[in-house]
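Trainee: Model the following, please.
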Amino acid sequence: MAEQHEFISRVEWTGNRGEGTRSYRGYDRSWDIAIPGKPVVHCSNDPRLGGDPGLANPEDLLISSLSACHMLWYLHLASVAGIVVLGYRDHAVGVGESTPDGAGRFVKAVLRPHIVVRRGADLARAEAIHGEIGKVCFIARSVNFPVHHEPSFEVVD
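Mentor: As a prediction, the model looks like this:
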C-alpha cells in the first residue's frame, strides 16, 4: 500500500495596493510562499502578464522543482551505482505555449545537467541513470509533459 504524504504551503497574496482588484491594473501580481519552519519565498507573475521580473513565478518554480527532484534522485542512484559525483549543475528549460485566450501550458522540459564525476566512473551507466529517474521522481511522475535529458559529463581525478 502506498504511503501518503502532506506538503504544507501557505500562499498569501501581497499585491493589494489599497483597493484590491477594483481595476485590472490596480493590483500587483505578487504573493509570498510560507512553508512552516522555512524562509518565506517572495513571488510574482510572469513579467509578460504584469509580474515583477525580479521575483520567481510559478513557471520558474515548477521547472526548478522538476530539476531539483531529478538531481536528488540522480545523486542517490549514482551513489548506489558506485559513481562518485563531485558536482552537479543543471540548466533546465521549460517550454510553454499560450493560446490567444491567455491559457498556457508546458509542452516539454529539457534538463541539461553538467555532472562532474571522479575518474573511473562508468559514463554509460552515469548517462543511463537519467532515463530511470522519471519512474521514481515525485515531480516528474506528476507532470503531464515530456521531460528530456541532455547531460554532459566532466571527469576529474
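Trainee: all contacts plus neighbour counts: C-alpha atoms, from now on.
Mentor: Fine.
Trainee: Quickly list the domain ranges of this protein.
Mentor: Under the assignment automatic domain parsing, the domains of the chain span 10-49, 58-156.
Trainee: Format those domains as JSON lines; extra columns: distance to residue 4, mean pLDDT and mean neighbour count.
Mentor: JSON lines is the format used below for the domains of the chain (distance: least, CA to CA, whole Å; pLDDT from 0 to 100; neighbours: other CA atoms under 10 Å):
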{"stretch": "domain 10-49", "distance to residue 4": "19", "mean pLDDT": "94", "mean neighbour count": "14"}
{"stretch": "domain 58-156", "distance to residue 4": "12", "mean pLDDT": "97", "mean neighbour count": "15"}
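Trainee: Grab the nearest non-local neighbour of the residue nearest in space to the middle of the chain.
Mentor: Residue closest to the average C-alpha location in the chain (CA atoms, centre = their mean): residue 64, at 2.1 Å. Spatial nearest neighbour of residue 64, excluding adjacent residues (CA to CA, 6 or more residues apart in numbering): residue 92 at 7.5 Å.
Trainee: quick one on the thing from earlier: tell me the secondary structure at the residue nearest to the centre of the chain.
Mentor: Recorded secondary structure, residue 64: helix (DSSP: H, G, I helix; E, B strand; the rest coil).
Trainee: Is the closest residue to residue 66 other than its chain neighbours part of a helix or strand, or is it coil?
Mentor: Nearest in space to residue 66, with sequence neighbours left out and distances taken as CA to CA, 6+ apart, is residue 139 at 5.5 Å. Assigned state for residue 139: coil (three-state reduction, three-state DSSP).
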